[in-house]
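Asks: Show me the folded form of this:
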Amino acid sequence: MLSKPATMLLGLIYEKPLNAYEIIKLLNYMNVKWWFNIADSTVYSTLKALEKKEYITGTTEKVGNMPDRTVYSLSDKGKAMFQDTLKKSITQFNYDTNIFSIAAFYLNTFTPTEQRELLQERLSVLQKYRKGIEKQVNPLWESEVSSIHSANVKRMIDLVDAEIAGTNRILKSCDET
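Replies: Alright, predicted model coming up:
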């Protein structure tokens with residue numbers, strides 16, 4: 001599975017070939033820094049790592065009097081890894097919700113049918129996860145643990161409930177397109 005920065009960059013390159021400067025501009029335009037902090041230096045180092053793994057290919061271009069720039073395109077190997085990472089990120093639950101947020105940005109990588117199937121699978125995973133946590137909460141258990149521990153477990157349920165609501169919202173938007 002790809003790292004979060006690698007997934008984000010491959011998603012942008014999947015949509016169209018880009019150079020590093022264009023990627024940084026897009027990330028700023030998308031206001032990514034407010035929910036996923038990715039530094040400019042991380043963009044450059046991640047691009048080099050992706051190129052080394054042959055997930056992207058760089059082509060040097062000359063535009064006017066400007067210095068040469070490298071435009072990156074997704075390779076077949078990169079496309080396969082990207083789609084595999086998206087599927088895993090959508091169908092698994094992680095309290096680091098950035099993983100799903102990044103994957104959700106690129107749902108259009110899949111057909112509408114695949115989108116719905118992946119999101120339905122995510123909902124199923126989330127429901128099972130919620131039921132598992134909920135089994136823990138009962139009067140006997142609550143009398144044996146600290147109030148902070150009990151409150152934290154209930155907070156975990158709140159987080160799963162928020163993910164269920166958000167996933168349903170995204171699924172509804174898939175049905176509207």
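Asks: host element of Thr57?
Replies: Assigned by DSSP states H and E, Thr57 falls within strand 56-61.
Asks: Does that strand pack against any helices or strands, and if so which?
Replies: For strand 56-61, the contact count by 3 or more C-beta pairs under 8 Å, 6 or more residues apart in numbering; DSSP states H and E identifies helix 40-52, strand 69-74 as packing neighbours. The way it works is simple: take the backbone N, C-alpha and C, and place the C-beta from them, glycine included.
Asks: where along the chain do the helices fall?
Replies: 4-15, 20-29, 40-52, 76-91, 98-105, 112-136, 139-144, 147-176 (DSSP state H).
Asks: Spatially central residue for this protein, please.
Replies: Central residue of the chain (C-alpha atoms, centre = their mean): Ile102, 2.4 Å from the mean position.
Asks: wouldn't it be in contact with Pro5 here?
Replies: No: look at Ile102 against Pro5 with C-beta atoms under 8 Å: they stay out of range, at 9.1 Å.
Asks: do you know how far Lys135 is from Trp141?
Replies: Separation of Lys135 from Trp141 (C-beta to C-beta, to the nearest Å) stands at 9 Å.
Asks: ok, the two, which is more surrounded?
Replies: Trp141 (13 against 9; other C-beta atoms under 10 Å).
Asks: OK, contacts around that one?
Replies: Ser150 (C-beta atoms under 8 Å, 6 or more residues apart in numbering).
Asks: what number of residues lie near the closest residue to Asn94 other than its chain neighbours?
Replies: Of all residues not flanking Asn94 in the chain, Phe100 sits nearest, at 7.2 Å (C-beta to C-beta, 6 or more residues apart in numbering). Residues contacting Phe100 under the criterion other C-beta under 10 Å number 21.
Asks: wouldn't Phe100 be in contact with Ile90 here?
Replies: Yes: Phe100 lies in contact with Ile90 (C-beta under 8 Å); the separation is 6.6 Å.
Asks: Spell out which residues are contacts of both of these two.
Replies: Common neighbours of Phe100 and Ile90 (C-beta under 8 Å, 6+ apart) are Arg122.
Asks: Quick one: neighbours of Ser146, just the number.
Replies: 9.
Asks: Out of the helices of the chain, which is closest to Met66?
Replies: Nearest to Met66 among these is helix 20-29 (10.3 Å), distances taken as C-beta to C-beta.
Asks: Sort out which residues of the closest one are buried, please.
Replies: 20, 22-24, 27 (16 or more other C-beta atoms under 10 Å).
Asks: Remind me what it packs against, helices and strands.
Replies: Helix 20-29 packs on helix 4-15, helix 40-52, strand 69-74, going by 3+ C-beta pairs under 8 Å, 6+ apart.
Asks: if we go to 7 Å?
Replies: In terms of contacts (3 or more C-beta pairs under 7 Å, 6 or more residues apart in numbering; DSSP states H and E), helix 20-29 is packed against helix 4-15, helix 40-52.
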